[in-house]
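**Q** Have a look at this prediction, sequence included:
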Amino acid sequence: SDFIYLDQEVSDLRAPKPETRFCLLELPKDQLKSLQSGQTFAFRELSGSQVSGGGFTALCTADATFGVEFLENSNTLLLGKVTPGGDAEENKENAGDQGGSDNLQRCTVFAQCRGQLFVKPEKPDLIKVRELLRPTALSQAIRNDPKFYDFASLQHEVASSTKELSTLLSEGPFVEVDGYWRLLLERLKREVLDTALTIVTAQGWQLEAVDGKALLEEVQKILPDGEVSVPNLAVLRKVLSGVQKEELPKSDAETIFVLDAEKVNLSRALQILGDDPHEVRQRFQLPPPVARPAGPKRPRLAAPVQGSALQVDEFLQVFKDLTSSDMNKESLLEMLATRAYVDEFEGTIHAMDATLLPRDPLERLKQLFELQSHWRPERLNSLMATSLAGQKVEAWLGKHARQVYMEFTPGEEVRMMTKKFA
């Protein structure tokens, strides 16, 4: 009812635009039904502009978010109210040769629209949520007069349906503290996760039944300003969500964590890859890496720095020390199939997220060769398979790459794949 649409008579375009309170809006049938049943819809701003009010309009319902666009229409669109017909003489005159004047109704035109609005599905505004919660993120210094947001406040500010906003907060890097939502920075999450898993290993606790309250106390003791960075069990639960095995019944879910051994191992491996190699060597008292004997050369994007990445054997040793695992090198690399790659020339291991590679096969292959110039065929096949559905991967690679034989160990040749035209 607060939406004001300015209408104007075509006969005098210079006249002031009269105000009306009508707008033609097309909705999906299910949303129209919800609106007719009394559900409240709201117009909010989607992120996309450097200045407030310069973004895009979104229509938010209880369970969906829609982007709103204006469709220009040269046809005359009139809004009218239909009422029972006029007197008999007027009806007879209006009926003309058609007859049936007794069934005529009167339509009184009361507004005109020059166009109409239509909607299309839109994702909830994650960027806006981060923008609002960043000033009060956990563990960082907070200004004198910070503004905290509860769910109702976020719902008023963010272009998102109620259901989608609840899901976004639950699954994203956000946690509720004392009734207000706070941002959990990736740096803090990594630090807390590393500390928590180290405590579990050091204490010898069973992964299937970790006492949440006891773990929280230990984490708060070890971390600087631990009670500020990890103020409650909800924060710790959010940090551990990626390594939990299953959800317990509500009676136990508040205090017990059931951790998945494979997820824990993967998390520890990714933590090692994400840390500075020099700091990892110092932390685990590893000797300086031995330079590999001169071998085959290939073009590089940049000159390598000796010791800038962990050797595969170093990585395996650190992983075993952290997890008390007896996993061999082949099993460890298989576990990291989509999260890391090995430089066969230097014997080093590097982080990689295969889910972020382009979907287009040619663009995907190009980016893989930008990471390194030579790949083992079986490794390249597995990374390309997801973008070549219905095609034979080896045949496709035969057209867009070429094979070469390299000698890493004297007298032993290894087949590798490289660019078609290097």
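**A** Nice, I can see it. Residues are numbered from 1 along each chain as shown.
**Q** Strand partners (parallel or antiparallel) of the strand with the most length in the chain?
**A** Determined from DSSP state E, the single longest strand within the chain is strand 65-84. The pairing partners recorded for strand 65-84 under DSSP bridges are strand 56-60 (antiparallel), strand 105-121 (antiparallel).
**Q** Show me the contact partners of the shortest one.
**A** By Cβ atoms under 8 Å, 6 or more residues apart in numbering, the residues outside strand 56-60 that reach it are 41-46, 48-49, 65-68, 119, 122, 125, 159-162. (Glycine included, C-beta is placed from N, CA and C.)
**Q** Equivalent analysis for stretch 343-359, please.
**A** Under Cβ under 8 Å, 6+ apart, the answer for stretch 343-359 is 270, 273-274, 292, 295-296, 298, 304, 309-313, 315, 333, 337-342, 364, 367-368, 371-372, 374, 376, 383, 387, 406, 408, 414, 416.
**Q** Buried only: go through those for me.
**A** With burial judged by 16 or more other Cβ atoms under 10 Å, the buried subset of the contacts of stretch 343-359 is 270, 273, 309-312, 315, 333, 340-342, 364, 368, 372, 374, 383, 387, 406, 416.
**Q** Show only the entries of the contacts of stretch 343-359 found in helices.
**A** L270, L273, G274, V312, D313, F315, L333, R364, Q367, L368, L371, L383 (DSSP state H).
**Q** give me the beta-bridge partners of I256?
**A** D211.
**Q** correct me, but it touches L207?
**A** No: if you go by Cβ atoms under 8 Å, I256 and L207 don't touch, sitting 11.5 Å apart.
**Q** thinking again about what came up before, pipe the strands paired with strand 65-84 into JSON lines and attach mean neighbour count and mean pLDDT per row.
**A** Listed next are the strands paired with strand 65-84 as JSON lines, based on neighbours: other Cβ atoms under 10 Å; pLDDT from 0 to 100:
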{"stretch": "strand 56-60", "mean neighbour count": "20", "mean pLDDT": "87"}
{"stretch": "strand 105-121", "mean neighbour count": "14", "mean pLDDT": "79"}
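**Q** before we move on, the earlier item: out of the contacts of strand 56-60, list just those in strands.
**A** Those of the contacts of strand 56-60 lying in strands (DSSP E): A42, F43, R44, E45, L46, T65, F66, G67, V68, V119.
**Q** Buried members of those residues into PyMOL, please.
**A** Typed into PyMOL, the line below selects the buried ones among the ones in strands among the contacts of strand 56-60, using 16+ other Cβ under 10 Å:
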select buried, resi 44+45+46+65+66+67+68+119
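**Q** closest to E227 among the ones in strands among the contacts of strand 56-60?
**A** Taking Cβ to Cβ as the measure, E227 sits nearest to R44 out of these, at 36.0 Å.
**Q** tell me the contacts of the closest residue to that closest one other than its chain neighbours?
**A** The shortest distance from R44 to any non-neighbouring residue, by Cβ to Cβ, 6 or more residues apart in numbering, is to A159 (4.2 Å). Neighbour list for A159: R44, E45, L46, S47, A58, C60, T65, E122, P124, D125, K128 [criterion: Cβ under 8 Å, 6+ apart].
**Q** mind checking how far the longest strand of the chain is from the chain centre?
**A** 36 Å (Cα atoms, centre = their mean, to the nearest Å).
**Q** likewise stretch 149-167?
**A** Counting by Cα atoms, centre = their mean, stretch 149-167 comes out at 17 Å from the chain centroid.
**Q** Give the buried residues for that stretch.
**A** Y149, L154, Q155, E157, V158, A159, S160, S161, T162, E164, L165.
**Q** Same check on stretch 201-209?
**A** T201, W205, L207.
**Q** Tell me which of those residues fall in helices.
**A** Within those, residues falling in helices by DSSP H are T201.
**Q** Could you pull up the contacting residues of L24?
**A** With Cβ under 8 Å, 6+ apart, L24 has these contacts: L77, L79, C113, G115, Q116, L117.
**Q** Distance to P135 added to those residues, as a markdown table?
**A** Converted to a markdown table, those look like this (distance: Cβ to Cβ, whole Å):
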| residue | distance to P135 |
| --- | --- |
| L77 | 45 |
| L79 | 45 |
| C113 | 42 |
| G115 | 39 |
| Q116 | 39 |
| L117 | 34 |
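**Q** Please consider this matter closed, and thank you.
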